[in-house]
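S.K.: Have a look at this prediction, sequence included:
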Amino acid sequence: MKKWKFGLVAGLLLLLPLALSTPTLARAATTATPEATAKPAKKAAKVKPKPHYLIVMGHGAGDPGAHGSGTTEATFLRKYMLPQLRKYAREVQNSTITFYNPRKNLVSDTLFHHQGSYKLSKKTTVIMFHLDAPAGHGGHVIIHKKHPTARDQRLAKVIKKYVGLNRAYNGFSYRTNLKNCNVLRKRGIDYSLVESGFITNKTDVHHLKKNMAKIAKADIEAITNEKLK
Ligand SMILES: [Zn+2]
């Protein structure tokens with residue numbers, strides 16, 4: 001019994017070098033084959049990051065903006081428009097929308113504290129909402145480049161539908177002398193500034209208040225180019 005066991009173990013030990021050498025030989029042979037057959041697995045297709053939009057409600061942080069209709073631009077934008085924009089921004093699937101801290105002011109944060117636009121990725125697109133003054137009717141879009149982008153055109157359409165366009169601009173105004181735009185322009189950040197109407201014009205304010213939910217939804221759709229339910 002013992003002898004037989006020894007013989008088996010010895011036999012296995014004798015076979016061992018042969019078993020070990022075979023794959024080594026096989027490996028050596030394959031290394032000579034062209035690289036093409038040993039291609040690494042294809043990398044998974046890169047997932048394109050969603051476009052990011054930062055919405056900035058004009059003024060704030062001690063800067064009331066324009067006055068009119070018993071309120072201020074900063075208050076009106078934050079009290080009436082911001083909650084509706086937030087509501088529809090949550091429904092967006094193909095883009096990311098965030099809001100600039102409404103207690104802060106992007107312009108002063110940038111100019112005096114080296115924050116604000118300095119903290120933004122250059123891939124971010126900034127959409128600013130404002131109301132016009134001192135006198136007039138209707139809104140327009142202040143644009144980043146000489147000609148309006150498709151997004152600017154969609155935003156102007158929303159104003160035209162619910163409040164009306166300012167006849168002085170017929171939809172768009174290309175400006176390079178506005179502080180709130182230049183803090184972005186100088187850093188190469190894309191933006192649109194939406195003047196939704198005149199805060200000093202009772203009819204404009206009435207239309208804005210009455211249609212605020214529809215305007216906010218349409219603005220979010222215009223910004224993202226995504227249809228919401
Ligand atoms: Zn303003």
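M.R.: Noted; the coordinates are in hand. This is a predicted model, so every value here is computed, not measured.
S.K.: Please verify my assumption that residue 191 contacts residue 129.
M.R.: No - under the contact definition of C-beta atoms under 8 Å, residue 191 does not touch residue 129, with a separation of 11.6 Å. Heads up, the C-betas are built off the backbone N, CA and C, glycines and all.
S.K.: Show me how this protein divides into domains.
M.R.: The chain breaks down into these structural domains: 2-38, 52-224 (assignment by automatic domain parsing).
S.K.: Out of those domains, which gets nearest to residue 45?
M.R.: Distances from residue 45 to each of the domains of the chain were compared using C-beta to C-beta; the minimum, 17.1 Å, belongs to domain 52-224.
S.K.: distance between that closest one and the chain's centre?
M.R.: Domain 52-224 has its C-alpha centroid displaced from the chain centroid by 15 Å (C-alpha atoms, centre = their mean, to the nearest Å).
S.K.: Say whether the ion is contacted by it.
M.R.: Yes - applying C-beta under 5 Å from the ion, one finds that domain 52-224 is in contact with the ion at 58, 65, 130.
S.K.: mind showing which ranges of the protein have poor pLDDT?
M.R.: For the chain, the stretches flagged by pLDDT under 70 are 1-44.
S.K.: Closest approach to the ion from it, which residue is it?
M.R.: Per C-beta to the ion, the residue of the chain with the smallest distance to the ion is residue 130, at 3.5 Å.
S.K.: May I have the beta-bridge partners of that residue?
M.R.: Beta-bridge partners of residue 130, counted by DSSP bridges, are residue 195.
S.K.: which residues touch the residue nearest the centre of the chain?
M.R.: Within the chain, the residue whose C-alpha comes closest to the C-alpha centroid is residue 52; the distance, by C-alpha atoms, centre = their mean, is 1.3 Å. By C-beta atoms under 8 Å, 6 or more residues apart in numbering, the contact list for residue 52 reads 95-98, 121, 123-125.
S.K.: how much space is there between it and residue 124?
M.R.: Distance of residue 52 to residue 124, given as C-beta to C-beta, to the nearest Å: 5 Å.
S.K.: picking up where we left off before, if I look at the residue of the chain closest to the ion, how far off is residue 118?
M.R.: In this structure, residue 130 lies at 22 Å from residue 118, with C-beta to C-beta as the measure.
S.K.: Just want to know which of the two has more residues nearby.
M.R.: residue 130 (24 against 11; other C-beta atoms under 10 Å).
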